[in-house]
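>>> what's the 3D shape of this:
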Amino acid sequence: MNTFFLDYKNELLGTAICLLVLVILKFLGTKAIKKVGKISDINEVRTRLIVKYSTIGLTTFGIVALIVIWGVKFEQIGLVFSSVFAVIGVALFAQWSILSNITAGVILFFSFPFKIGDKIKIMDKEIELPEEVYLIEDIRAFHIHLRRSNGELFTYPNNMMLQKAIVLAQTYENSLGNSDV
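Take a look at the predicted model:
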């Protein structure tokens, strides 16, 4: 056991430093994301979701860093990685719309053009009532819950919120000279 520590002294030190850096980055990243969420008056559930995404990213980065630190040869793990990437590639292709909605949710979190409680108009001729005003009730990982004026709940994918023109109803109505929204 004693020879193990002597033989792998540099790798163990590198692992300890890597884990320490990852813990510090997770702490600082979580703090920064929560601060952005609080300043922007973003729902706590959305903030926790973005923290979870950043944790997954840091964990992946940490695993890659540990592989490099320990000097694992590509030949040793090449077959495993190629199999894993093949499965992930098929899964990503099959689930492309889900991933685009998650990515759009992250973008909407950090750009925060609108928030829960805002009234918006979606400028899309493909939906039933393109000029209707919707109340944003919730912003989730995959979609946004919108309440129609007649009380119906309408879900709209996050990626469409980035692709279609969205106008804050208060701003839109005020520019027309009508503030009854």
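>>> Could you give the bridge partners of residue 156?
Beta-bridge partners for residue 156, by DSSP bridges, are residue 144.
>>> per-residue confidence for it?
The per-residue pLDDT reported for residue 156 equals 90.
>>> quick one, what contacts it?
Each residue near residue 156 by C-beta atoms under 8 Å, 6 or more residues apart in numbering is listed here: 122, 134, 143, 144, 146. Every residue, glycine included, has its C-beta placed from N, CA and C.
>>> after the helix or strand hosting residue 32 comes which helix or strand?
Using DSSP states H and E, residue 32 falls within helix 9-39. Scanning forward in sequence from helix 9-39 by DSSP H and E, the next helix or strand is helix 44-69.
>>> Next, the angle helix 44-69 makes with the helix holding residue 32.
Angle between the axes of helix 9-39 and helix 44-69 is 160 degrees (criterion: axes from the mean of the first three to the mean of the last three C-alpha atoms, to 10 degrees).
>>> Next, residue 121: secondary structure please.
Secondary structure, DSSP: H, G, I helix; E, B strand; the rest coil: residue 121 is strand.
>>> quick one on the thing from earlier: for the helix holding residue 32, the distance to its chain's centre please.
18 Å (C-alpha atoms, centre = their mean, to the nearest Å).
>>> Return the residues in contact with the residue positioned nearest the centre of the chain.
Taking C-alpha atoms, centre = their mean as the criterion, residue 106 is the residue nearest the geometric centre of the chain, at 3.2 Å. For residue 106, the contact set (C-beta under 8 Å, 6+ apart) comprises 50, 53.
>>> Helix or strand for it, just tell me which one.
helix 96-111.
>>> Output that helix as CSV, restricted to C-alpha atoms.
The C-alpha trace of helix 96-111 is given here as CSV (Å, rounded to 0.1, in the frame of the first residue of the first chain):
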residue,chain,number,x,y,z
TRP,A,96,-32.7,16.5,-30.9
SER,A,97,-35.9,18.5,-30.2
ILE,A,98,-35.7,17.7,-26.5
LEU,A,99,-32.0,18.9,-26.4
SER,A,100,-32.8,22.0,-28.4
ASN,A,101,-35.6,22.8,-25.9
ILE,A,102,-33.3,22.3,-22.9
THR,A,103,-30.6,24.5,-24.6
ALA,A,104,-33.2,27.2,-25.3
GLY,A,105,-34.3,27.0,-21.7
VAL,A,106,-30.7,27.7,-20.6
ILE,A,107,-30.5,30.6,-23.1
LEU,A,108,-33.8,32.1,-21.9
PHE,A,109,-32.6,31.9,-18.3
PHE,A,110,-29.4,33.9,-19.0
SER,A,111,-30.9,36.4,-21.5
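>>> Many thanks, we can stop here.
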